[in-house]
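>>> When you get a sec, could you give me coordinates for this:
(one chain, ligands or ions: 1)
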Amino acid sequence: MPAHKTTREVGTHCPYCALQCAMTLQITERPNGAVTVDGAGPASPEITVQGAEFPTNRGRLCRKGSTAAELLSSRHDRLRSPLIAETDDEGERGFREASWEEALDHIADRLRSIQAAHGRDAVGVFGSGSLTNEKTYALGKFARVALGTAQIDYNGRFCMSSAAKASTEVFGLDRGLPFPLTDLDAACTVLLLGSNVADTMPPFVQHLEGARSKGGLIVVDPRRSTTAELTAEGAGLHVAPAPGGDLVLLLALANVLFEEGYTDQRYLAQRVSGTEEFRRSTAAWWPERAQAATGVGADQIRFIARRLGSAAVRARHGGDPVFILTGRGVEQHRDGTDTARAAISLALILGLPGGRGGYGTLTGQGNGQGGRELGQKSDQLPGLRSITSPTDRAHIAEVWGVAPDSIPGPGTPATQLLHTMGTRTEKGPEGIRALLVHGSNVAVSAPDSSRVLQNLRALDLLVVADFFLSETAAEADVVLPVLQWAEEEGTMTSLEGRLLRRRRAVDPPPGSRSELWIFAELARRLGTPTGFPTDPAEVFEEIRRATAGASADYSAMSWELLDTGHAGYWPHPTTGEPSADTGRPGGPELTSTGEPIIGTPRMFTSRFAHPDGRAALRGIRPRGQAAPGAAELTFTTGRLMEHYQSGNQTRRVPALDAAHPQVTVQVHPATARQFGLTEHGLAVVENAQGALTAKVVLDAGIRADTIFSPFHFGGRGAANLLTRGLTDPDSKMPEFKNTPVRIRPATAL
Ligand code: SF4
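Just a heads-up that it's a prediction; the model follows:
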């Protein structure tokens, strides 16, 4: 008699971007004992995905989210066993399957001998903004306690570092959106710089409808992106500054606001320092001068400034709020921190943060927020604590059960780490000789990727933990198969600082293991037997203690509260501003979907996070950028709707792969004529770093001096073959958006 299938539902959140849309997985299990046709294990369950009611997505999912279950049920290329690289007699490199015991013994032996020969810092660790909070925290602790290395950083350095640095300097604290996303719904004006949310996180667009309906959506982008199209038919305005012109545009807007009296003098006097210094630095950027530097007309600059200014004046008298938002388009530059700082300064002189709207940066990676505050950044300890602060070091040392002096100091930021590892000086090997990579595909996503690939191959040991054989894993000496989103428990922190529970919905494939177990096993082999719990709930309890009293304070949150429907926004009420539910008549504030709020959904309502409670403005002076040479264009990179990050997951989803199977280069028709390119023909884009071969897509909406490619593809289609290792001096953010290149027709891939 046939056994019955069983169906159950699990509520969780999307595996991809920082919007962290809520979804319900409906799982139909096959009868016990059924196995896959290849006999490799229990049959994959049938899983369907539906969007669930949640304030950020309100039941909607994008194409990536709605096909995410295929990552769970399609197991043909999942890694199922540790792999160790071997070279045969003919010199051919390949992998052989190994037991966990053998793989971990091998890694521990190699780490020990490399550190004995070259010092603790010869081993580097590279993390990710896609790891759960628990894995992020454990990775930072593993690097600093079990390995004793300072050399840990992560791929969020490529995403959020400049805006995070600017927020920390100006506000005193970095939370991507210091207000709930749903506050945007009431806006009359939103200035959105360098973010194509309509493609990258489509459910976000519903939060722009308020501003659109009032004609107040202003989009700054060198392309007429899907988001820029939302400004059509009276919904707002799109402006396309020249490459590198964003900072000057912002300073020019501030110039008009100061000159025409739109600034909020009372707010500035009470809550902000450095206003005069900032004002002086904007004085040189009157609209006509800025027009020459940005390509945006002086009239348009005045129009935008007056729109922002008059809306802010109305907001001061109870009118609708005004928001200024930035994304990677304006942040991934050599002046990325200054540009984000200018956007924050604009919001401050209008008196917006803390009640009448404000500034926010749109975090991209799924756990881009938690990932940058829980201890895998080269200069931070958990809770956004400083690695150089004696007080912070002492607190973390106590939680970790180690001496404060034993915690290494600041390490090398990601780009420099990847660009120098494996290199040798005349005196012999130096720098990082071994690298452990978790949740990141640096061979595709890092700038100047051919140099990164070369350095990966020069390492004495490369260990990659992943669930698919990514381009980086393919270069590894040892590959460790790990669990993915719905195969384990954990928490994520969304772009609005809200803590979310990810839930285990299905069993992982046999042979894969959690990173938490891997850290514990390696730590034991390296002689650090205690302090690495393998239960994510236990790790979260440690996060609560590690972050208690810190800027990013998670101590009031618990899995129990989250599981009983509470919405937790850090920081904890006792260390930040009062909780929204503290003493509130009539009970706690609720989210738009009815969850009681704990923590601090709206920050800076009465004070900023600097000790004096004031936001800190200062002068901003553009450093100037070299203009592209004759016959050169500006190459800029970004995301597509169908793919996420390096594409290691989404390129394996058939519907997403079919929608955009190969790298493309977007070119203005006039530029195509100039360089002999044809629609759907092939082009070679090249510079001193390398060459990219891509399919040409003509688009009259992109500036004629700019071309665009998505960065989701590997091999000869990797956009980062062209990007350089130049970084912003303040944050070490690479310059992904402004690379001089040449373009010519190609005949074949
Ligand atoms: Fe939502 Fe982002 Fe997932 Fe799309 S990728 S469903 S926008 S969380």
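>>> Just give the number of residues close to the residue in the stretch 401-550 of the chain positioned nearest to the ligand.
Closest residue of the stretch 401-550 of the chain to the ligand, C-beta to the nearest ligand atom: Ser494 (8.8 Å). From N, CA and C alone the C-beta is placed, and that goes for glycine too. Using other C-beta atoms under 10 Å, the number of residues around Ser494 comes to 27.
>>> again, but for the one 5 residues further on
Using other C-beta under 10 Å as the criterion, Leu499 is surrounded by 26 other residues.
>>> Can you give me the pLDDT of it?
Leu499 is assigned 95 on the pLDDT scale.
>>> Tell me if it really is in a strand.
Yes - counting by DSSP: H, G, I helix; E, B strand; the rest coil, Leu499 is part of a strand.
>>> My guess is it contacts Asp553. True?
No - using C-beta atoms under 8 Å, Leu499 is not in contact with Asp553, being 11.4 Å away.
>>> where do the contact lists of those two overlap?
Listed as contacting both Leu499 and Asp553 by C-beta atoms under 8 Å, 6 or more residues apart in numbering are Trp570.
>>> now the end-to-end length of stretch 236-252.
19 Å (C-alpha to C-alpha, to the nearest Å).
>>> brain fart, stretch 605-620
End-to-end for stretch 605-620, by C-alpha to C-alpha: 26 Å.
>>> tell me which parts of this structure are close to the ligand?
For the chain, the residues in contact with the ligand (C-beta under 6 Å from any ligand atom) are 14, 16-17, 19-21, 57, 61-62, 64-65, 201-203.
>>> Dump those to TSV, plus pLDDT.
Shown next, in TSV, are the residues of the chain next to the ligand (pLDDT from 0 to 100):
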residue	pLDDT
Cys14	96
Tyr16	95
Cys17	95
Leu19	94
Gln20	95
Cys21	96
Asn57	96
Leu61	97
Cys62	96
Lys64	95
Gly65	95
Met201	96
Pro202	97
Pro203	97
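>>> for those, which one is nearest the ligand?
Nearest to the ligand among these: Gly65, at 2.3 Å, using C-beta to the nearest ligand atom.
>>> which residues touch the closest one?
By C-beta under 8 Å, 6+ apart, the neighbours of Gly65 are Cys14, Tyr16, Cys21, Met23, Val49, Gly51.
>>> so where's the stretch 351-500 of the chain shaky on pLDDT?
Low-confidence segments of the stretch 351-500 of the chain, defined by pLDDT under 70, are located at 424-430.
>>> swap in the stretch 601-749 of the chain?
Looking along the stretch 601-749 of the chain with the criterion set at pLDDT under 70, you get 626, 748-749.
>>> Nearest to the ligand: which residue in it?
For the stretch 601-749 of the chain, C-beta to the nearest ligand atom, closest residue to the ligand: Tyr644, 6.5 Å.
>>> That residue is in contact with Thr650, isn't it?
Yes - the pair Tyr644 / Thr650 is scored as a contact, 4.9 Å apart, by C-beta under 8 Å.
>>> Mind listing the shared neighbours of these two?
Tyr16, Lys64, His712.
>>> The first one and Pro203, how far apart?
Right, Tyr16. Using C-beta to C-beta, to the nearest Å, Tyr16 is found at 12 Å from Pro203.
>>> what about the two, which has more around it?
Neighbours per residue (other C-beta under 10 Å) separate Tyr16 from Pro203, with Tyr16 holding more: 26 against 21.
>>> Can you tell me, leaving aside adjacent residues, what's nearest to the more buried one?
Tyr644 (4.6 Å; C-beta to C-beta, 6 or more residues apart in numbering).
>>> ditto for Ala235
Closest to Ala235 by C-beta to C-beta, 6+ apart is Arg212, at 4.1 Å.
>>> Over to Val272: give its phi and psi.
phi -130, psi 140 (degrees, to the nearest 10).
>>> so what's it closest to, chain neighbours aside?
Ala615 (4.8 Å).
>>> ditto for Phe708
Gln666 (4.2 Å).
>>> Let me know the next secondary structure element after the helix or strand harbouring that neighbour.
Secondary structure from DSSP states H and E places Gln666 in strand 664-667. Note on strand 664-667: by DSSP H and E, the next helix or strand toward the C-terminus is helix 669-675.
>>> got the buried residues for that next one?
Applying a neighbour-count criterion of 16 or more other C-beta atoms under 10 Å, the buried positions in helix 669-675 are Thr671, Ala672, Phe675.
>>> How about stretch 495-505?
So for stretch 495-505, counting by 16+ other C-beta under 10 Å, buried means Leu495, Glu496, Gly497, Arg498, Leu499, Leu500, Arg501, Arg502, Arg504, Ala505.
>>> which residues sit in contact with Gln649?
With C-beta under 8 Å, 6+ apart, Gln649 has these contacts: Pro15, Tyr16, Leu71, Phe468.
>>> can you pull the contacts of Leu677?
When contacts are counted by C-beta under 8 Å, 6+ apart, Leu677 touches Val667, Thr671, Ala683, Val696, Ile743, Pro745.
>>> and with 6 Å instead?
Val667, Ala683, Val696, Pro745 (C-beta atoms under 6 Å, 6 or more residues apart in numbering).
>>> got it, and Arg334?
Here Arg334 is in contact with Leu726, Asp728, Glu735 (criterion: C-beta under 6 Å, 6+ apart).
>>> domain parsing for this structure?
The record's domain parsing of the chain by automatic domain parsing lists 99-159+368-561, 176-362, 633-746.
>>> Columns distance to Arg78 on top of these, output as CSV?
Converted to CSV, the domains of the chain look like this (distance: least, C-beta to C-beta, whole Å):
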stretch, distance to Arg78
domain 99-159+368-561, 5
domain 176-362, 26
domain 633-746, 9
